[in-house]
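>>> one predicted model, sequence on top.
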Amino acid sequence: MFLFKGREKHSRSLAKATSWRILGSLDTFALSWFFTSSAKVASAIAITEVLTKMVLYYCHERAWSSIRWGIKQEPDAPASKT
C-alpha cells in the first residue's frame, strides 16, 4: 500500500486493528462509565478513542512488520527427491 512492506497483508493488519479496537473500546466504555457514572459521557469517550487508537495501532503493526529484528528465519524447505 504505502510506506510499510511487511510479511502481513494490509487486510490482516486492518482486521487485527478492528478486533483489538472493539475489545479496547468496550474496556474504555466500562472504565469511563465506572468513573463518571454516566453512560452518555462513557459513550462519547469510547467513540472518540476508537478512530485515533485504530489508526495508531494499524501504523504501529505495519511499522513493526517491516522490521526484521527478532524474527526467526525459516529454514529452507528440503528439496524434493524426484
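In hand now; what should we look at?
>>> sec struct for Leu31, please.
With DSSP: H, G, I helix; E, B strand; the rest coil as the basis, the three-state label of Leu31 is helix.
>>> what residues are up against it?
Residues counted as contacts of Leu31 (C-beta atoms under 8 Å, 6 or more residues apart in numbering): none. Glycine gets a C-beta too; all of them are placed from N, C-alpha and C.
>>> and the pLDDT for it?
Per-residue confidence for Leu31 comes out at a pLDDT of 96.
>>> start at 33, not 1
Shifting the count to begin at 33 puts that one at Leu63.
>>> now it: how far from Ala76?
Remark: distance between Leu63 and Ala76 (C-beta to C-beta, to the nearest Å) = 14 Å.
>>> what's the answer for Arg39, then?
Taken as C-beta to C-beta, the spacing of Arg39 relative to Ala76 amounts to 38 Å.
>>> try Met86
Relative to Ala76, and taking C-beta to C-beta, Met86 is found at 17 Å.
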